[in-house]
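> Compute the structure for the input listed below.
(one chain, ligands or ions: 2)
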Amino acid sequence: MQKLTIRRPDDWHLHLRDGAMLEGVIGDTSRHFARAIIMPNLVPPVVTTADARAYRERIMAALPQGDVFQPLMTLYLTEHTNPDDVEEGKSSGLITAVKLYPAGATTNSHGGVRDMDKAMPVLERMAKIGLPLCVHGEVTDADVDIFDREAVFIETVLDPLRRRLPELKVTMEHVTTSDGVDYIKSASNLAGTITTHHLIINRNAILVGGIRPHYYCLPVAKRESHRLALRAAATSGDGRFFLGTDSAPHVDPLKECGCGCAGIYTSINTMSCLAHVFEQEGALDRLEAFASLNGPAWYGLEPNAEQMTLIRRIESLSFPDKIETGAGPVTVFDPMFPLHWDVEAHSGK
Ligand code: DOR
Ligand code: ZN
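Numbering: from 1, shown residues only. Ligands and ions are numbered 1, 2, ... in the order given. As a prediction, the model looks like this:
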């Protein structure tokens, strides 16, 4: 196949940041994606509906002129989140989901949840009003190995929560293990997002031949068998799996240092990378399900009316090694193979 036309895709997990970084990165998303679920882990985090409304306005103000893009806002769950405020956010149409960060799990998560019991009133209200919970599925216990944190989270936090509140709709974000894939398949009212980079790298990318900070993210990439399980899930067409890039820009000095931040920037080349992966798996006909159909179906939205066409070029494409933002340079994800699938045009503009 040399040409593929799909519905315009959405990104169901994205970090846009704020200020100069937001201005520097938003165009890479809005060029291709019609909608994105916007992560609330700013400093300070997006905790209330009023915070989300103000952040949405900043995003819309930063959008390149002429781009058609809808940010789907989330709230950062804390132990003090007010259920009435969450309900107001949902009923006003502003809030699409609430995000659970176990405290200490990742970037700017220290204000997250330590004791799930304290979050129960909000979670019960969300179950009642049909507002999904997006979860960063890793435990933070110092004695749990970093490569086991997703599997232990499923067993000790997610499964008990789902048994306690089976009506709560849960999106398990950035699934990185076969344990996660299997759990999603076995459960009801549960779906999972998969990132572009976890379909491409395993943990060797971070460590072989030297420490490569631009392949470090959380949840950290796992061993090859897990990557293969993610590929099988993403390319299966199963409606419970869909794209959430987790594109997470950090300026290079904060990645290339003694204690580098977690996050990989993929917004700019995600569609080319995904087409490559789906082609390798003989599943180009299922790219549309993964990137454009399964996500909206899960969130109760229509797929986008516009289309995107991808063309397979003979020459390999060139993406910048880094993008320059007002906050500083941000290194672009290098898939370590040449990319040929080019986004020709979409009718969203
Ligand atoms: O790699 C990551 N980066 N994982 C996360 O969970 C957070 C994100 C960020 O905000 O930088
Ligand atoms: Zn994220």
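
> what does the lowest-mean-pLDDT helix or strand in the chain contact?
In the chain, no helix or strand scores lower on mean pLDDT, DSSP states H and E than strand 341-346, which sits at a mean of 86. Here strand 341-346 makes contact (Cβ atoms under 8 Å, 6 or more residues apart in numbering) with 4, 8, 31-32, 271-272, 275-276, 279, 306-313, 317. All C-beta atoms are positioned from the backbone trio N, CA, C, and that covers glycine.

> Now which of those residues would you call buried?
The neighbour count (16 or more other Cβ atoms under 10 Å) marks 4, 8, 31-32, 271-272, 275-276, 279, 308, 310 as buried among the contacts of strand 341-346.

> ok so, going back, can you list the strands that the least confident helix or strand of the chain pairs with?
Strand 341-346 has the following strand partners under DSSP bridges: strand 307-312 (antiparallel).

> Who are the contact partners of residue 177?
Counting by Cβ under 8 Å, 6+ apart, residue 177 touches 150-151, 222, 226, 229.

> and it, how far is that from residue 288?
Separation of residue 177 from residue 288 (Cβ to Cβ, to the nearest Å) stands at 26 Å.

> my guess is residue 121 meets residue 85, correct?
No: contact criterion Cβ atoms under 8 Å: residue 121 and residue 85 do not qualify, at 11.8 Å.

> Isn't residue 220 up against residue 146?
Yes: using Cβ under 8 Å, residue 220 makes contact with residue 146 at a distance of 5.8 Å.

> higher neighbour count, the two?
Between residue 220 and residue 146, residue 220 has the larger neighbour count (other Cβ atoms under 10 Å), namely 17 against 12.

> contacting residues for the more buried one?
Taking Cβ under 8 Å, 6+ apart as the test, what residue 220 contacts is 146-147, 176, 203, 206, 262.

> hmm, try it at 10 Å
Residue 220 makes contact with 138, 146-147, 149-150, 176, 198, 203, 206, 262, according to Cβ atoms under 10 Å, 6 or more residues apart in numbering.

> so what's residue 250 closest to, chain neighbours aside?
Counting by Cβ to Cβ, 6 or more residues apart in numbering, residue 250 lies nearest to residue 261, which is 4.3 Å off, once chain neighbours are set aside.
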